[in-house]
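**Q** A structural model of the following input is requested.
(chains A, B and C)
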Amino acid sequence: MLNPQQHAAVEYCDGPLLVLAGAGSGKTRVITEKISHLISRRHLAPEKIAAITFTNKAAKEMRERVSKLISDDASKALTVCTFHALGLKFLQIEHDRAQLRRGFSVLDADDSGNMIKELSPKGIKPDVLNGIRNLVGRAKNAGLTPDEAMAAARSPRELEAAQIYDMYQTRLAAFNAVDFDDLIRLPLRILEADDEARAIWQERLRYLLVDEYQDTNDAQYRLLRTLTGTKGRFTCVGDDDQSIYAWRGANPENIDQLGKDFPQLRVIKLEQNYRCAKRILRAANHLIANNPHVHEKKLWSDHAEGPPIRVLECKDNEHEAERVASIAASLHEKYKDKVRWSDFTILYRGNFQARALEKALRLARVPYHLSGALSFLDRAEVKDILCYLRLLTNPTDDAAFLRVVNVPKREIGATTLEKLGTMAQTRNASLLEASRSDAVLKTIAPRSASALASFSRLIDELRSSSIHQSAADLVETVLDRTGYAAQIASTIADPTLRERKLGNLRELADWFRAMGKDGGRTGDLTAQLALLSHADRDDPGNALRMMTLHSAKGLEFRFVFIVGCEDGTLPHEGAIDEGRLDEERRLMYVGITRAKELLTLSFSARSRKYGEVLSNDPSRFLQELPQDDLHWDGKDPDADAEVTRETAATHMARIKAMLAGGV
DNA sequence: CAGAGGAAAATTTTT
DNA sequence: TTTTCCTCTG
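**A** Numbers count the residues shown, from 1 in each chain, chains lettered A, B, ... in the order given. As a prediction, the model looks like this:
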């Protein structure tokens, strides 16, 4: 049953709509119900509807939920994907207008980061390099061309970044490749400039629903605006309190921009929380009240009060991990029939924090699933094979060429490649083309030249056989014909490791099989896979989930642990230094509001960084919580059982004194 | 050109 | 402490 506000949000389809939806207020429900409503009551064809999310995980979940409301055929025709995936789809159809050739490559963040590094002065300091990457990304997200970025540069550093941006785009064009930002920027440029394309796409997508709207950046917002035209056939759902991506260019002010660009905008607030126990919600509201607010909203819940929020005070990370693991295990034991492992989650600020937890969970025999950390798509062997596929479908992809030319070892080293690179550049040819040319090969040492020649022959042979093969079969062929499989067999002594690598490659083939069910070119599938590079393994099963606070957004769990509640970790020290505490606070808010029943916060007095021991203060956010709802558990492990409540204020003072004195 | 061994850096969050 | 990168040797 929908509440009146949700109902109104679903029914209102005549103009632009903004839904300000607090945490746990049923916003995904509104979107899925609305899709169903548009199809069955408004008779809109499902292929003309697109629901846009920010993560693949959210897209997957939304598709699952909506498929229960509509027919299979309708579900298939519907577009449910991320902004980036929509951009990719656009470019694959409109590659001519984007001046890309079919089979263009999508570089992941690693590839593009490395390319910018190569274009920067060598010996550059890592933080300066990161600054450049940031500035380049910002220019792209603002929808600026390299020329515009150079004109807009206000400092020597910005000018340098703009020049690197220019070289970077030139190189991408030469490689027939795009990066993540281009997946938004290029479609936007085409739609804004090309009336015909705009008309086609506005007709093609008649209604847009955007989830997590507060995370849109400027380019994404313009894309939305351009796609929906002046009529504004869209529903945006967002929550300014859950804006946690400003660091990568998200602009939460897009929420206000909507009202300026669409004066007819209707705004509906969802304020009833269906997820959290009263106490948990009170803590969240209390915390977030410390942030400035443009849109006041008062979230309420009619759930039970719930138990106090536990705060675990620990000696060090290991101790913290052990306690969290043992509390989880005893809860699971205590409520055996009523609780599943998948009801638990442990959240943290940075992926590195998972390490200590993993160890403790293994020891406690708790089944867990790590989401987000080095997925199999990030593994070297999988990336190698993907680069082979990229090179096969896009012979000008020099980045892929460089990655695989000497894998497995073919005696093609740095000197040879440098020479090849210069030759290719003067002839305006790709590296693969250059290594096919006799004139080029003549200038290279005979041994290396013949190695290069046989490599290019190998690629050409593989390409001709690739035409008749599915992507999954092609993976097998590549493994076999390139000698990659043989290399794994001969060079890796450890049988477990060898099996893991081969298993990863088999899984890659499986992915292609699953993705290619409805057809699709190998090149297109490879590009799609680049977008999945993180965290989207299928069903983790009945296991405790561990993830960063960022990737927890949109999810809910009965039992939530947030570890590392220390100043310097959460809030992160960089954020403290730069005075960006609001976003850190929202991150904590997101974490707290994931919990339905039980919330446990923990911090440790000491932690090891690079082997060095540091002492921490408890997170300042702990003091911003309603102290009456907290239950402090001291360092003594026995205290984990049942502890007398101490007033939080005295306890906090004692901890501070102890930290100041000790260590 | 490849592998070994030692020095230096690494930890914020993601499409 | 662990991982990555660089240099040196065969």
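**Q** Next up, phi/psi of the residue of the stretch 351-500 of chain A at minimum distance from DNA strand C, please.
**A** Closest contact between the stretch 351-500 of chain A and DNA strand C, by CB to the nearest atom of the strand, is at residue A:355 (7.9 Å). C-beta: built from backbone N, CA, C; applies to glycine. Backbone torsions of residue A:355, given as degrees, to the nearest 10, read phi -60, psi -50.
**Q** swap in residue A:21?
**A** Dihedral angles (degrees, to the nearest 10) for residue A:21: phi -120, psi 110.
**Q** Next, count neighbours for it.
**A** 29 (other CB atoms under 10 Å).
**Q** what's the pLDDT at it?
**A** pLDDT, residue A:21: 93.
**Q** State whether it and residue A:237 are indeed in contact, as I suppose.
**A** Yes: applying CB atoms under 8 Å as the test, residue A:21 and residue A:237 come out as touching, 5.3 Å apart.
**Q** Residue A:336 and residue A:218, how far apart?
**A** To residue A:218, residue A:336 is 51 Å away according to CB to CB, to the nearest Å.
**Q** I meant residue A:34, not that one.
**A** The value you get for residue A:34 to residue A:218, if CB to CB is used, is 26 Å.
**Q** In terms of neighbours, single out the busier of those two.
**A** Using other CB under 10 Å as the criterion, residue A:34 and residue A:218 rank with residue A:34 on top: 26 against 20.
**Q** That one and DNA strand B, how far apart?
**A** Applying CB to the nearest atom of the strand, to the nearest Å, the value for residue A:34 to DNA strand B is 23 Å.
**Q** which residues touch that residue?
**A** Listed by CB atoms under 8 Å, 6 or more residues apart in numbering, the contact set of residue A:34 reads A:9, A:10, A:13, A:209, A:235.
**Q** Which residues does the lengthiest strand in chain A contact?
**A** Scanning chain A for the strand with the most residues, using DSSP state E, yields strand A:595-604. With contact meaning CB under 8 Å, 6+ apart, strand A:595-604 is reached by A:275-277, A:280, A:283, A:306-307, A:309-317, A:319-320, A:323-324, A:327, A:331, A:556-566, A:592, A:616, A:618-619, A:622.
**Q** circling back: overlap of the contact sets of residue A:21 and residue A:237?
**A** Joint contacts of residue A:21 and residue A:237 (CB under 8 Å, 6+ apart) are A:27, A:30.
**Q** Flag the shaky bits of the stretch 351-500 of chain A, pLDDT-wise.
**A** Within the stretch 351-500 of chain A, the segments meeting pLDDT under 70 span A:372-376, A:493-494.
**Q** can you count the residues close to residue A:205?
**A** Residues contacting residue A:205 under the criterion other CB under 10 Å number 19.
**Q** What sits closest to it if chain neighbours are left out?
**A** With CB to CB, 6 or more residues apart in numbering as the criterion, residue A:205 has its nearest non-adjacent residue at 5.1 Å, and that residue is residue A:50.
**Q** Let me know the secondary structure of that neighbour.
**A** With DSSP: H, G, I helix; E, B strand; the rest coil as the basis, residue A:50 sits in strand.
**Q** got it, and residue A:80?
**A** Secondary structure of residue A:80, per three-state DSSP, is strand.
**Q** likewise residue A:297?
**A** coil.
**Q** Distance of the residue in chain A that DNA strand B sits nearest to relative to residue A:424?
**A** Nearest residue of chain A to DNA strand B (CB to the nearest atom of the strand) works out as residue A:413 at 2.3 Å. Applying CB to CB, the value for residue A:413 to residue A:424 is 17 Å.
**Q** For the two, indicate the residue with more neighbours.
**A** Per other CB under 10 Å, whichever of residue A:413 and residue A:424 has more neighbours is residue A:424, with 22 against 12.
**Q** And for that one, nearest residue in space, chain neighbours not counted?
**A** Per CB to CB, 6+ apart, closest to residue A:424 is residue A:434, 3.8 Å.
**Q** Tell me which residues touch residue A:259, please.
**A** A:18, A:265, A:267.
**Q** burial of the second one, as a residue count?
**A** In other words, residue A:265. 16.
**Q** now swap in the first one and tell me
**A** As a burial measure, residue A:18 scores 24 neighbours (other CB under 10 Å).
**Q** Assumed it was part of a helix.
**A** No: under three-state DSSP, residue A:18 falls outside any helix and is assigned strand.
**Q** Next, find the distance separating it from residue A:48.
**A** 21 Å.
**Q** again with residue A:293
**A** According to CB to CB, residue A:293 stands 36 Å off from residue A:48.
**Q** Could you chop chain A up by domain?
**A** A:4-91+A:185-270, A:105-175, A:282-372+A:541-661, A:377-536 (the TED database).
**Q** Is DNA strand B within reach of the second one?
**A** Yes: applying CB under 7 Å from any atom of the strand, one finds domain A:105-175 touching DNA strand B at A:109, A:126.
**Q** Give the rounded mean pLDDT of that domain.
**A** 83.
**Q** Quick one: end-to-end length of that domain, please.
**A** End-to-end distance for domain A:105-175: 8 Å, by CA to CA, to the nearest Å.
**Q** ok, now stretch A:23-31?
**A** Start-to-end, stretch A:23-31 (CA to CA) is 15 Å.
**Q** Tell me which residues of it come out buried.
**A** A:23, A:24, A:25, A:26, A:27, A:28, A:29, A:30, A:31 (16 or more other CB atoms under 10 Å).
**Q** if we look at that stretch, which residues are touching it?
**A** Contact with stretch A:23-31 is made by A:2-3, A:6, A:9-10, A:19, A:21, A:51, A:61-62, A:65-66, A:209, A:211, A:235, A:237, A:239, A:241-242, A:270-276, A:284, A:299, A:301, A:554, A:556, A:589-590, A:593, as judged by CB under 8 Å, 6+ apart.
**Q** now stretch A:97-114
**A** With contacts defined as CB under 8 Å, 6+ apart, stretch A:97-114 is touched by A:88, A:91, A:95, A:115, A:133, A:168, A:172-173, A:175-180, A:183, A:186-187, A:190, A:194, A:197, A:390, A:393-394, A:396-397, A:399-400, A:521, A:523, A:526-527, A:530-531, A:533.
**Q** Could you check it against DNA strand C for contacts?
**A** No: Stretch A:97-114 stays out of contact with DNA strand C when judged by CB under 7 Å from any atom of the strand, the minimum separation being 8.7 Å.
**Q** next one: that stretch to chain centre, how far?
**A** Centroid displacement of stretch A:97-114 relative to its chain, using CA atoms, centre = their mean, to the nearest Å, is 18 Å.
**Q** measure it end to end?
**A** End-to-end for stretch A:97-114, by CA to CA: 28 Å.
**Q** List the buried residues in that stretch.
**A** Quick answer for stretch A:97-114 (16+ other CB under 10 Å): A:97, A:98, A:100, A:103, A:104, A:105, A:106, A:107, A:108, A:111, A:112, A:113.
**Q** could you dump these to CSV with secondary structure?
**A** CSV is the format used below for those (three-state DSSP):
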residue, secondary structure
A:97, coil
A:98, coil
A:100, coil
A:103, coil
A:104, coil
A:105, strand
A:106, strand
A:107, coil
A:108, coil
A:111, helix
A:112, helix
A:113, helix
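**Q** now, which of the residues you listed sits nearest residue A:340?
**A** For these, the closest approach to residue A:340 (CB to CB) belongs to residue A:108, at 34.1 Å.
**Q** ok, the closest one to residue A:129 distance?
**A** Distance from residue A:108 to residue A:129, by CB to CB: 18 Å.
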